[in-house]
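# this one's sequence-less:
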C-alpha cells in the first residue's frame with residue numbers, strides 16, 4: 001500500500017529495506033535482487049516496551065525510536081546500507097474490503113472507490129488514507145481490494161521514520177507483506193491458498209489467489225496461547241511459554257490440558273477460516289477450490305498446530321520458511337525459534353520498484 005507521500009520524489013534505482021514494527025518487537029531486512037535470486041545483505045531484530053504503541057498509534061516516539069536505534073547499533077547481521085524504508089501497518093488496524101464495480105473509466109475509479117468505502121468504513125473518509133489495487137478487470141466490471149488506514153496511525157509512523165533519519169517510501173499491511181513473500185516463493189504455483197500470519201496477539205488471515213483477495217483478523221496470537229496455558233496449568237508466563245514451544249498440541253502428558261486451554265481460540269480461528277473459504281468459493285467464477293493452508297509468523301512455531309489445522313479443515317497445511325529462497329552468503333541464519341519471525345520484514349523488503357512507481 002502506498003503511503004501519503006508523492007512517490008515521484010524518490011529515485012527508481014535506490015535500494016530499500018523492510019522495517020516490521022510488531023506488538024513488542026521490531027525486525028529489519030534488506031534484500032538485493034539479482035533476477036529471480038534474492039540475497040540478504042542485512043537483517044536484525046530488537047524488543048521495545050509495548051506501551052509505546054496504543055491501538056496502532058505510536059504514543060511514545062522517543063521510547064520506540066531509542067529501542068530501534070539500539071537494534072541498529074548492535075543487533076544487525078550484515079549491514080543495512082540504505083535510508084529508504086518500507087514499513088508496515090498491522091492488518092488489525094486497517095479496513096480492508098473486496099469491491100466489485102461496474103465497467104468504469106480509469107478517471108472515475110478513485111471516486112467510485114471512495115463512494116463505496118463510505119458504505120462500510122465506520123470512520124469519516126477525511127480521517128483515513130485510502131488506497132486500492134485492481135484484482136481483475138473484465139467486460140463485466142472491475143474487482144479490486146481497497147485498504148483504508150486511520151491517518152493518526154500512519155502519521156505517527158511517518159514521524160518515527162523521520163526521527164530515525166530514514167526516508168519513508170511506502171506502507172504495506174503485515175498480511176500484504178506476507179502475501180508478497182508467498183508469491184515470491186510460489187512463482188510457478190497456481191493453487192489458491194489460505195495464509196495465516198500468527199503474531200503476538202492476533203492471527204491475520206487472507207485468501208490468496210494470484211493476489212490478496214480478502215483478509216480478516218482473529219485474536220489468536222502466540223502471547224494469547226501462552227496466557228491461556230498459564231491460566232489452565234497454573235504456571236507463570238515463562239513456564240507456559242516453554243510448555244507451548246516444547247509440547248504444543250503434540251501427544252504428551254499435557255496434551256489434553258493444553259488443547260482444552262487453547263480450544264476457544266482454536267475454534268474461533270477455524271470458524272473464521274471456514275467462513276472465508278466459503279466466501280471465496282461462492283464468489284469464484286473459476287470454481288477453483290482452496291488447495292492449501294500456509295502458516296507464518298512466530299506463533300506458527302507451536303508443535304502440532306499444523307496437524308491440528310489439517311484435521312479441522314481437511315486441507316494440507318505447511319509452515320512458511322521466510323528464508324527458503326533467500327541467499328545469505330556468509331551471514332548466519334537465525335535459529336529455528338527466530339527465523340519464522342521475519343515473514344513481514346522479508347515481504348516488505350521484496351517490494352519492487354514497479355510497485356512504487358507504476
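Yes, it's here. All values reported here derive from a predicted model rather than from experimental measurement. Numbers count the residues shown, from 1 in each chain.
# check contacts around the residue sitting nearest the centre point of the chain.
Central residue check for the chain by CA atoms, centre = their mean: the C-alpha nearest the mean position is that of residue 174, 2.4 Å away. For residue 174, the contact set (CB atoms under 8 Å, 6 or more residues apart in numbering) comprises 20, 88-91, 197, 199, 204, 344. (Each C-beta comes from the backbone N, C-alpha and C, glycine too.)
# list the contacts for residue 23?
50, 53, 199-201, 221, 223.
# go with 10 Å
If you count contacts by CB atoms under 10 Å, 6 or more residues apart in numbering, residue 23 has them with 48, 50, 53, 90, 199-202, 221-223.
# element containing it?
Per DSSP states H and E, residue 23 falls between elements, in no helix or strand.
# Now do the same for the nearest residue in space to it that is not next to it in sequence: helix, strand or coil?
Nearest residue to residue 23, sequence neighbours excluded (CB to CB, 6 or more residues apart in numbering): residue 200, at 4.0 Å. Using DSSP: H, G, I helix; E, B strand; the rest coil, the secondary structure recorded for residue 200 is coil.
# shouldn't residue 200 be in contact with residue 241?
No. Taking CB atoms under 10 Å as the definition, residue 200 is not a contact partner of residue 241, at 11.7 Å.
# sec struct for the residue located most distally from the centre of the chain, please.
What lies farthest from the middle of the chain is residue 253; by CA atoms, centre = their mean that is 34.2 Å. Put simply, residue 253 is coil when judged by three-state DSSP.
# so it makes contact with residue 233?
No. Judged on CB under 10 Å, residue 253 makes no contact with residue 233 at a distance of 11.4 Å.
# if we can go back for a sec, name all residues that sit in contact with residue 200 and residue 241 at the same time.
In contact with both residue 200 and residue 241: 222-223, 225-226, using CB under 10 Å, 6+ apart.
# tell me the mean pLDDT over stretch 297-315?
Mean per-residue pLDDT for stretch 297-315: 92.
# any chance of the contacts of residue 23 in CSV, plus distance to residue 127, pLDDT and neighbour count?
Shown next, in CSV, are the contacts of residue 23 (distance: CB to CB, whole Å; pLDDT from 0 to 100; neighbours: other CB atoms under 10 Å):
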residue, distance to residue 127, pLDDT, neighbour count
48, 27, 95, 22
50, 25, 93, 14
53, 19, 95, 24
90, 17, 83, 23
199, 25, 85, 29
200, 27, 85, 18
201, 24, 86, 20
202, 23, 88, 22
221, 27, 86, 24
222, 31, 88, 24
223, 29, 90, 18
